[in-house]
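>>> Would you be able to build a 3D model of this:
(one chain, ligands or ions: 2)
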Amino acid sequence: MTIKQIIPYQILDSRGEPTLMVQMSSENGKTAKFAVPAGASLGKTEAVEKRDGEGPYGGLGVLHCIEAINTVITPKFIGYPLDQLEDFDELLIALDGSERKENLGANTLLALSGAYLKLSALEKNQPLWQYISEHNNTSPEFPQLFATIVGGGKHAPGLDIQEYMIVPQNTNPDIATQTIYDVYHTIRTVMENLYGPSATLVGDEGGLAPIGTSTEVILEALSQLNGKVQSKFDIALDAAANSFYKDGLYTIETQSLHASDLFKLYQGWDSKFNLYSIEDPFAEDDLEGTEIIKNMAGKPKPFLVVADDYTTTNKSRIEEMQKDTLFDGIVIKPNQVGTFTETFAAIAAARASKAKVIISHRSGETTDSLLADLAYGVGAMGLKLGAPIRGERVAKYNRLLEIAADLDSNQRQSPVGSRVISPSATAKTGSAPAGTSTPQLPPSTPPVAYKPPVSPIVQPQPVAPAAPTTAAQPTSSLVPPS
Ligand code: 2PG
Ligand code: MG
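Ligands and ions are numbered 1, 2, ... in the order given. Now for the predicted structure:
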């Protein structure tokens, strides 16, 4: 089966800015579409997103990308066979001919690569996750959800840290989603009580955006909810430290800190609130910060160090940085590199280095749900998907719920379900496969012993109340009475 038609068009992303969508059809009339997301906090080595630089939408339009598709790219691909992703992407990369896709634009390439990937799956009558899994020879597994509860940095006013996330320890999409829902809505009430109605406004990823608060307050509020919602959860931060770093100093919550003092601040938060991971804890070009990360490698760590801006979904960068096993987790964002073939290569490189693979959305998203299929299909450890509100975020939650429901109704044709895991027990205690250089970490909580039910989809557990009670609250309780 071959490509019959390619139609590119301009749509708006979740920030209301233009982005590119490609619709691709096969000879037998099947059609797939993919739309490209956009980031706000960017790594310096991300592939280049092409925008018009003039004309409508304040120059942010993608009409030049559309023109390039219509004139340069489409003529090469009409009649091109499906199910040949690597060749297809290779040809796109060659047509662009630049290191960082600045000629045609990484957004142009990704829109085509995504539509082609989806159409190839459709042609094989396979769910997208299955196609991805077979293509990569990976075992599908539901990811742990990294859900933004409170936002800051470049995504929302009020806080310097970009994302305060919870990571439910249960990967069953239904249980994880309910847990995130309960935490999100309770924190919303807490913030409203503390800072007034404006604290219920949200940032780009749906995270709450309270003004006049602090990291300590947010972490305290989150940690008070642990054990009171359906699944236990860990707390993770994306510092996105590039965005509050300048001239050797980090400006955070009225302090100006060198990397070593910022690290002490992180250690203080970790000792109080037991952080699971911090993404981009230092700016990517702060050598002092990189040195601190290097010194952590191979030793007990207070929290896992996750790379996003450092590695930008780039296989070579991942391989280079992971020679010293700098990072415990690596964020994967297809639009940082520009094609799905390169995205898969980055995932494989991250895995080969024993880092956890965390698939991620962007702050400017579309309602496309491919990321959920990608995370499940490659069996990623994590999926960053924002708050459980706003259509473009909810699309990913809903797709995971749909995959789980489909598998359930298809007699669980595939080994799926609820790995109940304790990251603080598995990752932070360094229980990586033998022979890896993952640092040995001090023992913390013992692993949650999980006995899979007969059906791989977990039976519903007793539901904890959405709003926690005050029974065991310290006097400084931030959590409202139910
Ligand atoms: C990040 C992402 C997503 P952005 O930094 O990890 O949360 O943000 O898309 O703005 O880069
Ligand atoms: Mg990040």
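>>> in the sheet, who's paired with residue 6?
residue 24 (DSSP bridges).
>>> Is it in contact with residue 24, as I believe?
Yes. The criterion here is CB atoms under 8 Å, and residue 6 meets it with residue 24 at 5.3 Å. The way it works is simple: take the backbone N, C-alpha and C, and place the C-beta from them, glycine included.
>>> In terms of packing, which of the two has more residues around it?
residue 24 (28 against 22; other CB atoms under 10 Å).
>>> what mean pLDDT does stretch 82-100 have?
Averaged over stretch 82-100, pLDDT sits at 98.
>>> Not counting its own residues, what contacts it?
Residues outside stretch 82-100 that contact it (CB atoms under 8 Å, 6 or more residues apart in numbering): 1-3, 26, 45-48, 72-73, 76-77, 80, 101-106, 109, 112-113, 116-117, 119-120, 123-124, 135, 338-342.
>>> chain center to it: distance?
Stretch 82-100 has its average C-alpha position 25 Å from the chain's average C-alpha position, going by CA atoms, centre = their mean, to the nearest Å.
>>> Ligand 1 contacts on the protein?
Neighbours of ligand 1 within the chain, by CB under 6 Å from any ligand atom: 39-41, 154, 162-163, 205, 238, 240, 308, 331, 360-363, 384.
>>> Which of these has the largest number of neighbours?
Counting neighbours by other CB under 10 Å, the top entry in the residues of the chain next to ligand 1 is residue 162, with 32 neighbours.
>>> closest to residue 176 among the residues of the chain next to ligand 1?
Nearest to residue 176 out of the residues of the chain next to ligand 1 is residue 384 (CB to CB; 13.0 Å).
>>> buried residues in stretch 308-323?
Buried positions in stretch 308-323, judged by neighbour count with 16 or more other CB atoms under 10 Å: 308-315, 317-319, 321-322.
>>> start to end distance for that stretch?
Stretch 308-323 has an end-to-end distance of 17 Å (criterion: CA to CA, to the nearest Å).
>>> what does it contact?
Under the contact criterion CB under 8 Å, 6+ apart, stretch 308-323 has outside partners 41-47, 238, 240, 242, 279-280, 284, 307, 326-327, 330-334, 336-337, 342-343, 345-346, 348-350, 352-353, 355, 360.
>>> Among those residues, which lie within strands?
With strands taken from DSSP state E, the overlap with the contacts of stretch 308-323 comprises 238, 279, 307, 330-332, 360.
>>> restrict those residues to those near ligand 2?
238, 279 (CB under 5 Å from the ion).
>>> Rebuild the ones in strands among the contacts of stretch 308-323 as a markdown table, extending it with pLDDT.
Supplementary listing: the ones in strands among the contacts of stretch 308-323 in a markdown table, determined by pLDDT from 0 to 100:
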| residue | pLDDT |
| --- | --- |
| 238 | 98 |
| 279 | 98 |
| 307 | 98 |
| 330 | 98 |
| 331 | 98 |
| 332 | 98 |
| 360 | 98 |
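>>> what's the farthest-apart pair in the ones in strands among the contacts of stretch 308-323?
Top of the distance list for those (CB to CB): 238 and 332, 14.0 Å.
>>> about what we covered before: make a PyMOL selection of whichever of the contacts of stretch 82-100 turn out to be buried.
To isolate the buried members of the contacts of stretch 82-100 in PyMOL, using 16+ other CB under 10 Å:
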select buried, resi 3+26+45+46+47+48+73+77+101+104+105+106+109+112+113+116+117+119+120+123+135+338+339+340+341+342
